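Undergrad: Model the following, please.
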Amino acid sequence: MSSDTELNKIRRYFNPETSLGDEFIGVKMGHIFVLAKDFAGIPIDEIETLLEHPVHEVRVGAVSIMDFDARDNKTTENQKKELYDLYIRRHDRINNWDLVDRAAPYVIGGYLFDKPRDILYSLARSKNIWERRTAIVSTYFFIRKDEVDDTFAIAEILVDDKQDLIHKAAGGWIREAGKRDPEKLSVFLDKFAVKMPRMMLRYAIEHLDRHKRDHYLKLKKLM
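TA: Numbers count the residues shown, from 1 in each chain. Next up, the predicted model:
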């Protein structure tokens, strides 16, 4: 299932500086997702064993199983808590952008939807880039439920972040939240467009009309 062609393709998507220690073998993500679906429902300790594996694609399989389980209506609240606890406890193994993006929306966001969300604000202030990315990516679930306040609040914490992988995530989630509440997006951009990293701003305004995009880009150039 692995190939040199796929391996070269995968390596183009990952920054060597933020993928230190990751071992890639070149398996297509689609194959991993199909296999993970077949193993959905395995015991939590077996998922943790997969998370401990040095091969990145194996850990993709682990977080994919977690995602499938978190989405499953048959998964009990206690099981969802176990998935949530595993993610938080073993964040050291959820250590690249694709692992976060695959599991955080439902494993973290879905679990926290009807609970206090303080941990997301702690993660947003973490020194660990992947914990910060988890904070914003988890709010995807809230956005789907038309709750956007946490997305904008966490994006405000991240507006001075130095990492482009945070700029992309925060900008993209601001954009998606803005689809649900354009007025709150405008308020956020009016306040932060000048200081936002350029990439974050470009992602955030991507779906605005040309006049509004030009307006915010000009504000940025006036710095």
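Undergrad: any idea which helix or strand of the chain has the worst average confidence?
TA: Across the helices and strands of the chain, the lowest-confidence element by mean pLDDT, DSSP states H and E is helix 4-12, at a mean of 63.
Undergrad: what's downstream of it, the next helix or strand?
TA: Read in the C-terminal direction, the helix or strand following helix 4-12 is helix 29-38, with elements assigned using DSSP states H and E.
Undergrad: That next one - contacts with which helices or strands?
TA: helix 56-71 (3 or more C-beta pairs under 8 Å, 6 or more residues apart in numbering; DSSP states H and E). C-beta coordinates here come from the backbone N, C-alpha and C atoms, glycine included.
Undergrad: Now the helix it packs on: buried residues?
TA: Along helix 56-71, these residues count as buried under the neighbour rule (16 or more other C-beta atoms under 10 Å): 56-70.
Undergrad: Check stretch 114-124 too.
TA: Neighbour counts using 16+ other C-beta under 10 Å place Arg117, Ile119, Leu120, Leu123, Ala124 of stretch 114-124 among the buried residues.
Undergrad: So which residues of the chain form strands?
TA: For the chain, no strands turn up when DSSP state E is the criterion.
Undergrad: In it, where is pLDDT below threshold?
TA: Low-confidence regions of the chain, defined by pLDDT under 70, span residues 1-21, 222-223.
Undergrad: If we use 90, what do you get?
TA: Filtered on pLDDT under 90, the chain yields the residue ranges 1-29, 219-223.
Undergrad: Of the buried residues of helix 56-71, just say which sits nearest to Leu158.
TA: Among the buried residues of helix 56-71, Val63 lies closest to Leu158 (C-beta to C-beta), at 21.8 Å.
Undergrad: got a list of what the closest one touches?
TA: Leu51, Ile94, Leu99, Arg102, Ala103, Val107 (C-beta atoms under 8 Å, 6 or more residues apart in numbering).
Undergrad: please redo it, this time with the cut-off set to 10 Å
TA: Remark: with contacts taken as C-beta atoms under 10 Å, 6 or more residues apart in numbering, Val63 is in contact with 32, 36, 47, 50-51, 83, 86-87, 93-94, 98-104, 107.
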